[in-house]
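In: below are the sequence and a predicted model for it; my questions follow.
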Amino acid sequence: MTRLRDLASVCKSKNAGPFELTIDIIFGSDELFERVEGTGILNAALFSRLYQVEESQVLFMPYAPARAFKATLPRLIPAGAFGDSDVYGAQQHGPILEVDIPD
């Protein structure tokens, strides 16, 4: 097993408006992208579990031309609301970095 953080060239999160968060995972080669895509591990159900939202609220898509995966999901606390610790959503990609990908 290899952690996603060791395979992805870029993994970032950001706001998609005040009520949603988007997470982008980008790979440096077609081979790595295809390897990860072939496992089926990255999917809406995984993001639902990691970010504690309903699976039906997760928009997930692989995008092969960019060697990327993108997930958009609701923020649990709106950006800038009381209790929000990351107004830009830029520090929310942490949980996905720890996902194990089979070798």
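Out: Yep, it's here.
In: please report the distance of the residue of the chain positioned farthest from its centre from residue 73.
Out: Here the chain reaches farthest from its C-alpha mean at residue 82, the gap being 24.3 Å by CA atoms, centre = their mean. With the distance defined as CB to CB, to the nearest Å, residue 82 ends up 21 Å from residue 73. (Glycine included, C-beta is placed from N, CA and C.)
In: repeat for residue 79
Out: Distance from residue 79 to residue 73, by CB to CB: 14 Å.
In: how about residue 36?
Out: 19 Å.
In: who's more crowded, residue 79 and residue 73?
Out: Taking other CB atoms under 10 Å, residue 79 and residue 73 do not tie; residue 73 has more neighbours (25 against 17).
In: hang on, the more buried one in a strand?
Out: Yes - counting by DSSP: H, G, I helix; E, B strand; the rest coil, residue 73 is located in a strand.
In: averaged pLDDT, the longest helix anywhere in the chain. What do you get?
Out: Across the chain, the helix with the greatest residue count (assigned by DSSP state H) is helix 30-39. pLDDT averaged over helix 30-39 equals 96, rounded to a whole number.
In: how far off centre is it?
Out: 15 Å (CA atoms, centre = their mean, to the nearest Å).
In: now swap in stretch 12-28 and tell me
Out: With CA atoms, centre = their mean, you get 7 Å for stretch 12-28.
In: who's in contact with that stretch?
Out: Residues from elsewhere that reach stretch 12-28 (CB atoms under 8 Å, 6 or more residues apart in numbering): 4, 7-11, 33, 36, 42, 47, 51, 66-75, 78-80, 88-93, 96.
In: hmm, try it at 6 Å
Out: 8-11, 33, 67-75, 78-79, 88-90, 92-93 (CB atoms under 6 Å, 6 or more residues apart in numbering).
In: buried subset of these?
Out: Buried members of the contacts of stretch 12-28, scored by 16 or more other CB atoms under 10 Å, are 8, 11, 33, 67-73, 75, 78-79, 89, 92-93.
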